[in-house]
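Here is my input, please return the structure:
(3 chains)
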Amino acid sequence: MSPLEILDYAGVAVFAATGALAASRKQLDIIGFLFLAAVTGLGGGTVRDVVLGRSVFWVMNPTYILVCVGVGILVYFTAHVIESRYRLLIWLDAIGLGAYCVLGAAKGLAATGSPTVAIIMGMLTASFGGILRDVLASEPSVLLRPEIYLTAALAGAAVFTAMHAFGPPLFVSAGVGTVAGFGVRGGALLYGWTLPRYKPRPGRHPDDVL
Amino acid sequence: MSPLEILDYAGVAVFAATGALAASRKQLDIIGFLFLAAVTGLGGGTVRDVVLGRSVFWVMNPTYILVCVGVGILVYFTAHVIESRYRLLIWLDAIGLGAYCVLGAAKGLAATGSPTVAIIMGMLTASFGGILRDVLASEPSVLLRPEIYLTAALAGAAVFTAMHAFGPPLFVSAGVGTVAGFGVRGGALLYGWTLPRYKPRPGRHPDDVL
Amino acid sequence: MSPLEILDYAGVAVFAATGALAASRKQLDIIGFLFLAAVTGLGGGTVRDVVLGRSVFWVMNPTYILVCVGVGILVYFTAHVIESRYRLLIWLDAIGLGAYCVLGAAKGLAATGSPTVAIIMGMLTASFGGILRDVLASEPSVLLRPEIYLTAALAGAAVFTAMHAFGPPLFVSAGVGTVAGFGVRGGALLYGWTLPRYKPRPGRHPDDVL
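Below you'll find the predicted structure:
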């Protein structure tokens, strides 16, 4: 398998695991586990392929679906032994973010040649599966949490795109980009890294304004 | 009309009715009724066609839009005579689920030949319109309710896909699949059927974990 | 630039500003501003292009992304001087609605020739970016507020589509359609215009019904 294929399967598997963990937190049944695993694992890449006008990866190769099914079943039978399923969810999500920001950037670059499009596709691919998971499971979105999230996806996609321009072998730039994305997100989780948040004042409720 | 076309119009009409009923529960205006009817009626099939890389069905044939408009107007003027609009919504949704899990599976099978893709497309098509409806109307998602939902879509799609392999006329396998999907969902609504839910413990709030 | 291109950049810029204002209300960091600006500014047009089976506009021309980035940075550094960011958000959203309902209708008409599809694409393009913004920022959706919203998009798209059939220069029909859409929405905001809402009774909670 090429470095990008390995990243792809790894990203699908860990995002699928976060979907299944969200299902366990909501006490869904086994089919709910499989559905949330599949939507989370395949969602980001599906949006990426549709926006780029490519064939959707799991329609071409159903093995990805079977990976999600396997991961969903595994989590259903093992999640109870984990002390904090949400903490595991967050860390697996960080690994998926690292893999998917590079993968999205690589596909965006291959399709258009534009570094701007590549970086946006990296951020979109890395975040969209998690957004779908949080919306479907009615969890507060990772996007709204204070710790750095999108910035990590941006960092990974930008590092990969910049290195790619200088032409080292793909597995080097893909590996360094993945580690950069995961490293920034992991540091944020461990040490509470944040960017300065918009300070002046929080928003009022719409009903108090109109 | 072919059996699949009949199923398609039936699925669009009943899902559109559930969207309009959700609009009545939120006391929207007539245009809100038509919009929720159209999004719910056309949403699942739109995602199916986009993911399979096909032309979107209602762009090719605007009759489907007019069906949603007609249903939305009808519900606007008649919903008040119904004792429980939510119960009607849930039952119409069950009919739509039956029709759409077969239709999604049939299109997935025609496009790829893969039974795995067919079953996933069946589940996606049957559930996505309802997910959009619940998110847009801020209703608790049918996915998170305890009664069997996705399992019914899986059952209908799997029965259709399996029968199709043995080659009876399309209207037979489509009919049996639709009845299977509707039957499982209807049984769950009538008798409270559930699969065993994930037991060990509910999730804590993210703020109590991180 | 053609009249449609001007409308397109204007629509992207003002919707991007509403996304950034939502980010300021949620006190996100600068990357959160850029992401919500991009998703809101580009979301409606992305769905339009994907559903019509066209290449997505910002993948073809990354300038649109840079517009969103510039607007996001501008709002990050100036939002605190505005007395009511939500009121500004709502008014910019009204301008975007006017521009996008015409643009969506024009693209739908060019792709299919069907006035029905054109009007639906106009409503979808005008509303989808705002729906994504409200869902991602966990704000109550503009769709559920009482003041006329979708009706304004419908009015603008219908006026444009009807005028277009009689063949005045594109900039005339596009201009009149935009003013119609913005005017109806603006009147609703200023004078509280509403269509009659569905009256009989609000919906009960699902748990009280099933």
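
all helices of chain A, in order?
Secondary structure of chain A (DSSP state H): helices at A:3-25, A:30-52, A:57-60, A:63-78, A:85-112, A:115-136, A:150-165, A:170-191, A:206-209.

worst average pLDDT in these?
Across those, helix A:206-209 has the smallest mean pLDDT, namely a mean of 63.

re the thing from before, export the helices of chain A to a markdown table and tack on mean neighbour count?
To be clear about C-beta, it is placed using only N, CA and C from the backbone, and glycine gets the same treatment. Output for the helices of chain A, formatted as a markdown table (neighbours: other Cβ atoms under 10 Å in any protein chain shown):
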| stretch | mean neighbour count |
| --- | --- |
| helix A:3-25 | 25 |
| helix A:30-52 | 26 |
| helix A:57-60 | 20 |
| helix A:63-78 | 19 |
| helix A:85-112 | 25 |
| helix A:115-136 | 25 |
| helix A:150-165 | 23 |
| helix A:170-191 | 20 |
| helix A:206-209 | 12 |
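
can I get those in CSV with distance to residue B:13?
Below are the helices of chain A laid out as CSV (distance: least, Cβ to Cβ, whole Å):
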stretch, distance to residue B:13
helix A:3-25, 32
helix A:30-52, 25
helix A:57-60, 28
helix A:63-78, 30
helix A:85-112, 38
helix A:115-136, 26
helix A:150-165, 41
helix A:170-191, 46
helix A:206-209, 34
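
Closest residue of chain A to chain B?
Closest to chain B within chain A is residue A:25: 2.6 Å, counting by Cβ to the nearest Cβ.

wait, that residue sits on residue A:133?
No. Taking contacts as Cβ atoms under 8 Å, residue A:25 lies outside contact range of residue A:133: 10.8 Å.

Touching both of those two, which residues are there?
Residues touching both residue A:25 and residue A:133 comprise residue A:139, with contact defined as Cβ atoms under 8 Å, 6 or more residues apart in numbering or on different chains.

ok so, going back, with distance to chain C added, can I get the helices of chain A in JSON lines?
Output for the helices of chain A, formatted as JSON lines (distance: least, Cβ to the nearest Cβ, whole Å):
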{"stretch": "helix A:3-25", "distance to chain C": "17"}
{"stretch": "helix A:30-52", "distance to chain C": "5"}
{"stretch": "helix A:57-60", "distance to chain C": "15"}
{"stretch": "helix A:63-78", "distance to chain C": "21"}
{"stretch": "helix A:85-112", "distance to chain C": "6"}
{"stretch": "helix A:115-136", "distance to chain C": "4"}
{"stretch": "helix A:150-165", "distance to chain C": "4"}
{"stretch": "helix A:170-191", "distance to chain C": "11"}
{"stretch": "helix A:206-209", "distance to chain C": "4"}
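
Show me the one of those helices that comes nearest residue B:106.
Evaluated over those, closeness to residue B:106 peaks at helix A:57-60, with 14.9 Å, by Cβ to Cβ.

Check the offset of that closest one from the chain's centre.
The chain centre lies 18 Å from the centre of helix A:57-60; the measure is Cα atoms, centre = their mean, to the nearest Å.

what sits against residue A:128?
A:43-44, A:47-48.

Quick check: closest non-adjacent residue to it.
residue A:44 (4.2 Å; Cβ to Cβ, 6 or more residues apart in numbering or on different chains).
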